[in-house]
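> Coordinates for the following, if possible.
(2 chains)
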2 protein chains.
Amino acid sequence: MSTFSRFTPLIQSLPATVPFVGPEAIERQRGRSIAARIGANESGFGPAPSVLLAIREAAAETWKYADPENHDLKQALAGRLGTSPGNIAVGEGIDGLLGQIVRLVVEPGMPVVTSLGGYPTFNYHVAGHGGRLATVPYADDREDLEGLLATVKRENAPLVYFANPDNPMGSWWPADRIIEFAVALPETTLLILDEAYSETAPPDSVPSIESLIDRPNVIRTRTFSKAYGLAGARVGYVLTTPGTAQAFDKIRNHFGMNRVGVAAAIAALADQAYLEEVVAKITSSRDRLSAIARGNELLPLASATNFVAVDCGRDATYAKAIVERLMGDHGIFIRMPGVAPLNRCIRISAAPEAEMKLLEAALPAVLKSLG
Amino acid sequence: MSTFSRFTPLIQSLPATVPFVGPEAIERQRGRSIAARIGANESGFGPAPSVLLAIREAAAETWKYADPENHDLKQALAGRLGTSPGNIAVGEGIDGLLGQIVRLVVEPGMPVVTSLGGYPTFNYHVAGHGGRLATVPYADDREDLEGLLATVKRENAPLVYFANPDNPMGSWWPADRIIEFAVALPETTLLILDEAYSETAPPDSVPSIESLIDRPNVIRTRTFSKAYGLAGARVGYVLTTPGTAQAFDKIRNHFGMNRVGVAAAIAALADQAYLEEVVAKITSSRDRLSAIARGNELLPLASATNFVAVDCGRDATYAKAIVERLMGDHGIFIRMPGVAPLNRCIRISAAPEAEMKLLEAALPAVLKSLG
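Numbering: from 1, shown residues only, chains lettered A, B, ... in the order given. Below is the predicted model:
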């Protein structure tokens, strides 16, 4: 294939990966629609009706670029979280922000610490900047805080990634343990505390804003993609010190936010009643998912997220077969962790009852067919 | 200010710039709304009614991530342009794509060629990757093709940026001269041919797709932000060889596109009747702008874009005073080129008649007040 010959050596060394195959690609491959889209930890409960209204109203303004300073969204976030707009940077979802953070910190060859089996898109960005991953296995299906800390110190790593609650396992740590971890890190190590799932977590597992906001080496990432039901809007943000937040202004795509998405996020923040409603639905859907798993003699793991990881009790081949049969025979889209021993599990997103019913009906047949 | 201490040396050397101050920031500063938003080359004619409908319909699907392969949009673009989906990469507006291209090619210290006074956001990305700009002055208010070529060769530059039609001057070259330029470039130099304004250009100034599509060192960038009226949707794309297009898959934020914006772009492509209508309106608004300028004894430059650069006949201080008075006294938002000798001009975007009337009424007063 005819390709420009002078991309950087780093670029030439990279594969043209897609971190995840999207459900649309699966639909095209199968030539049919997915019946239950419960694999990407989106929220089938959707955004609030007030948010849909805000999107429809913002449509007429979509000929305008969004405010590059994201002033109104930062104000709204600061008000809601009890912090200052200067502590916030906004970006195109956590994925986009992770790419920026890696670029701010990582030069080729540098060690970056994460959990073995943690978020693949973070690993993708590290590879894309030539970083070298130093991974720490999960311990009892939780990210291993002590192991992460020891590895940071051993490697003198400038960057460590830690998600709480965790994806793909749904596990979590109490807030005081996370603060302890953050405080124990060298000042020369930046912690990404990924809180994509914070809205669905037990309150005592989410450190208060004040507890970490003055630490220039801690960046908390959050999103409107999960509980707020706005994955397609691409709005994420970070919480950190004003000095660290300003670093994003050095490299971000200032006019990169879409205007309708920002309007949707502001409307979503204003409708906390709906958020509470959805969180209750997610909690109850987690229970439903766990019951379905148990009813099939599988072991659901406790979850603080909008999904449940289910231990299928055998190896990755078995879990993969379940994922594939659910799709192939029933059009049910789920995913699974990519790395042992996590990949004995399947991962299913919370969703409305219609999807739960489809899963409930399909799972016994799939397991029976696999024997 | 308390900032993480171990950002890369390159990051530490960068200022926290905003390439452009947004109109919203001006509104906040003044405490009042802008009366005529004709400074950012957005399209006040807006997107098609069919596009607004598509946005409103897509709202309900915004809980889903967009297809990371952008399959449907690429198909629609390929069909419209008479090329193949493999020749296309999609990104978050041309600004986002420019950042990716620079990252693909530029290592610290590398020379990058552009016109002196050309697109500041491109320069921002080059600085953000440590590149060194080698600039070529405009000649007769057009980008200087011969000068750009000579500078590429002298510097052995891996990257050259050229916009046709040009921003901020609105000037253009005929297609055959551009093809000649592209063909004359070394194979080790990547040409960014920025065609953000191609829809409003004379047909014979836009090279055919076939004429350049087999050149791995040519990337044409296009957008839905200008004639299609979707600046806020953040959808841009590149046309190049499949091999060069695949390089974007190595570094892009695969789930970075917003779902509503993509739906809007697909709908916009399907409504070419509306595009024709808008292009006619833009052409007529350019004439109107030129007439207003001439009526005030200013010199409008010929334009192939959705704006008109107006030579105010004196220096940058004078042009700047006009920009500031139009805003300060009349709430009219326009911009001006940043570099001499282009900055003897002001730059005004085509817009509906209401905005033209405001400008027509305000400009004589402003010029009179400046003497």
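> Which parts of chain A belong to which domain?
Following automatic domain parsing, one finds the domains of chain A at A:20-46+A:273-366, A:49-270.
> and these as JSON lines, adding distance to chain B and mean pLDDT?
Just so you know, the C-beta spots here come from the backbone N, C-alpha and C atoms, and that holds for glycine as well. Below are the domains of chain A laid out as JSON lines (distance: least, Cβ to the nearest Cβ, whole Å; pLDDT from 0 to 100):
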{"stretch": "domain A:20-46+A:273-366", "distance to chain B": "4", "mean pLDDT": "97"}
{"stretch": "domain A:49-270", "distance to chain B": "3", "mean pLDDT": "98"}
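> Just name the most buried of the ones you listed.
Comparing these by mean neighbour count (mean count of other Cβ atoms under 10 Å in any protein chain shown), domain A:49-270 ranks first with a mean of 21.
> just how off-centre is that domain within its chain?
Distance of domain A:49-270 from its chain centroid, counting by Cα atoms, centre = their mean, to the nearest Å, is 9 Å.
> Identify the residues contacting residue A:41.
A:167, A:226, A:305-307, A:347, A:349 (Cβ atoms under 8 Å, 6 or more residues apart in numbering or on different chains).
> go with 10 Å
Residue A:41 makes contacts with A:167-168, A:170, A:196-197, A:225-226, A:231, A:305-307, A:335, A:347-350, B:65, as judged by Cβ atoms under 10 Å, 6 or more residues apart in numbering or on different chains.
> One more: residue A:237?
Taking Cβ under 10 Å, 6+ apart, we find residue A:237 in contact with A:70, A:73-74, A:77, A:81, A:87-91, A:93-94, A:97, A:220-224, A:245, A:265.
> now the strands: where do they sit in chain A?
A:36-37, A:88-91, A:111-115, A:132-136, A:159-163, A:190-194, A:218-223, A:236-239, A:299-300, A:307-311, A:332-333, A:345-349 (DSSP state E).
> Dump these to a markdown table, plus distance to residue B:286.
Converted to a markdown table, the strands of chain A look like this (distance: least, Cβ to Cβ, whole Å):
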| stretch | distance to residue B:286 |
| --- | --- |
| strand A:36-37 | 47 |
| strand A:88-91 | 35 |
| strand A:111-115 | 51 |
| strand A:132-136 | 54 |
| strand A:159-163 | 50 |
| strand A:190-194 | 48 |
| strand A:218-223 | 42 |
| strand A:236-239 | 39 |
| strand A:299-300 | 64 |
| strand A:307-311 | 53 |
| strand A:332-333 | 50 |
| strand A:345-349 | 51 |
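> Out of these, flag the one nearest residue B:53.
strand A:36-37 (24.1 Å; Cβ to Cβ).
> Partner strands of the closest one, with direction?
Sheet pairing here is set by DSSP bridges, and for strand A:36-37 it gives strand A:332-333 (parallel).
> Distance of the closest residue to residue A:113 other than its chain neighbours relative to residue B:174?
In space, residue A:113 comes closest to residue A:160 once its chain neighbours are excluded; the distance is 4.2 Å by Cβ to Cβ, 6 or more residues apart in numbering or on different chains. For residue A:160, the distance to residue B:174 equals 55 Å [Cβ to Cβ, to the nearest Å].
> next one: residue A:278
Taken as Cβ to Cβ, the spacing of residue A:278 relative to residue B:174 amounts to 57 Å.
> Next: residue A:337.
57 Å.
> go on, residue A:312?
65 Å.
> all helices of the stretch 1-150 of chain A, in order?
Using DSSP state H, counting those that start in this stretch, the helices assigned to the stretch 1-150 of chain A run over residues A:9-13, A:23-30, A:49-58, A:71-81, A:93-105, A:120-128, A:145-155.
> got TSV for those helices, with distance to residue B:273 too?
Shown next, in TSV, are the helices of the stretch 1-150 of chain A (distance: least, Cβ to Cβ, whole Å):
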stretch	distance to residue B:273
helix A:9-13	41
helix A:23-30	29
helix A:49-58	24
helix A:71-81	35
helix A:93-105	35
helix A:120-128	40
helix A:145-155	58
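> dump the residue contacts of residue A:63.
Here residue A:63 is in contact with A:259, B:37, B:42-47, B:51, B:225-226, B:228-233 (criterion: Cβ under 10 Å, 6+ apart).
> ok, now which ones touch residue A:193?
Each residue near residue A:193 by Cβ under 10 Å, 6+ apart is listed here: A:160-164, A:178, A:181-182, A:206-207, A:212, A:218-222, A:238-240.
> Who is it paired with across the strands?
With DSSP bridges as the rule, residue A:193 is bridged to residue A:162, residue A:220.
> Does residue A:95 touch residue A:128 like I think?
No. Proximity of residue A:95 to residue A:128 does not meet the contact threshold set by Cβ atoms under 10 Å, at 11.9 Å.
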